[in-house]
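Colleague: got a predicted structure here, sequence first:
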Amino acid sequence: MIVVMGASGATGSATLQALAARGVPTRSLTRDPAALAGTLDGPARATTEVLAADAADPDSLRAAFKGADQLFLTMANSPQQVRYELDAVEAALDSGIGHIVKISAPAAEADSPVEISRGHHLIEERLRATGITTTVLRPYAFMQKLLLLAPGVAAAGVVTGAMGVARCNYVDVRDIGELAAETLTRPELAGGTYPLTGGRAYSYPELTDLLGGLLGRTVRYVDLGPDGLRAHLVERAGMPEWLAAHVVEIQQLAVVREERPDDTFRRVTGRDPRTLEAFLAENLHRFR
């Protein structure tokens with residue numbers, strides 16, 4: 001049995017759908033089972049057992065993990081993420097789970113310039129110390145997060161950021177779910193570390209040119225610099241301070257470390273990753 005944590009979140013939901021498409025039974029965890037069950041249709045409804053569990057309650061995790069042999073571990077970024085994921089690892093140990101697929105991050109290093117990536121490093125170190133077979137997925141920026149830019153584009157034709165002309169890797173969360181499903185169902189892939197990108201990296205000027213071409217009007221990129229972007233995200237977008245700081249750190253990582261596409265997804269799945277052009281075209285109504 002495969003347990004999917006965060007089944008109502010972006011990567012958890014994508015992984016659940018990818019496993020359901022393969023006919024693989026899952027036990028999907030959420031704090032609101034009724035809400036998650038209401039979103040399931042087709043194969044997912046037939047293959048998914050939905051259980052209530054809370055990352056802040058390790059006892060609920062132990063109960064939910066009982067009898068399972070694999071765990072897909074993903075949690076939303078937050079100041080509590082390290083503690084919650086470490087508690088989940090301990091619960092998995094207590095429950096006899098033998099394989100954990102963890103969603104991590106690029107630059108998950110002890111001295112990473114991104115605080116949340118340093119946290120991922122701590123969790124990975126603990127996983128390796130347990131002896132549990134650990135598979136690590138390192139996705140770059142989610143294409144779906146670009147939808148947060150839609151209101152500014154729709155209202156003023158403007159995208160703000162702090163990356164200058166540095167390029168950023170983008171990946172569709174559906175491709176993350178596909179690769180996660182591969183590592184959960186193909187034993188020969190277990191234990192590896194897999195970076196995840198789309199087929200091309202884009203700068204913000206290139207992104208706005210692409211959007212403008214699709215929309216048939218001008219879209220401008222305004223670079224606010226790190227301090228200006230942080231203030232904008234807190235004061236104008238209402239982000240909490242820690243999340244605004246994280247966004248700025250991620251953008252500055254792309255500035256100091258050149259990002260290039262990786263072919264891992266194609267090598268593992270046998271197909272090309274979804275493109276940014278296709279994702280934007282699919283969601284163009286959000287930017288109008």
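Modeller: Arrived safely.

Colleague: would you map out the domains in this protein?
Modeller: 2-138, 140-172+197-260+272-288 (automatic domain parsing).

Colleague: go through those domains and find the least confident stretch.
Modeller: Ranked by mean pLDDT, the domains of the chain end with domain 2-138 in last place, scoring a mean of 92.

Colleague: closest to residue 185 out of the domains of the chain?
Modeller: Nearest to residue 185, of all these, is domain 2-138, at 6.1 Å by Cβ to Cβ. Just so you know, the C-beta spots here come from the backbone N, C-alpha and C atoms, and that holds for glycine as well.

Colleague: now do the same end-to-end measure for that closest one.
Modeller: The straight-line separation of the ends of domain 2-138 (Cα to Cα, to the nearest Å) is 20 Å.

Colleague: just stretch 174-194 next, same as before
Modeller: Using Cα to Cα, the two ends of stretch 174-194 sit 15 Å apart.

Colleague: how distant is that stretch from the center of its chain?
Modeller: Chain-centre distance of stretch 174-194: 14 Å, with Cα atoms, centre = their mean, to the nearest Å.

Colleague: that stretch: which residues count as buried?
Modeller: By neighbour count on 16 or more other Cβ atoms under 10 Å, the buried set for stretch 174-194 is 174-184, 190, 194.

Colleague: could you do stretch 205-224 as well?
Modeller: Result for stretch 205-224 [16+ other Cβ under 10 Å]: buried residues 205, 206, 207, 208, 210, 211, 215, 219, 221, 223.

Colleague: and the helices in the stretch 151-288 of the chain?
Modeller: For the stretch 151-288 of the chain, applying DSSP state H, counting those that start in this stretch gives helices covering 173-185, 204-215, 225-235, 241-256, 264-269, 276-282.

Colleague: wait, which of these is closest to residue 52?
Modeller: Taking Cβ to Cβ, helix 173-185 is the member of those nearest to residue 52, at 22.2 Å.

Colleague: packing partners for that closest one?
Modeller: Secondary-structure packing of helix 173-185 (3 or more Cβ pairs under 8 Å, 6 or more residues apart in numbering; DSSP states H and E): helix 10-21, strand 70-73, strand 99-103, strand 133-139, strand 193-196, helix 264-269.

Colleague: and those as TSV, adding distance to residue 52?
Modeller: Converted to TSV, these look like this (distance: least, Cβ to Cβ, whole Å):
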stretch	distance to residue 52
helix 10-21	15
strand 70-73	17
strand 99-103	21
strand 133-139	26
strand 193-196	30
helix 264-269	33
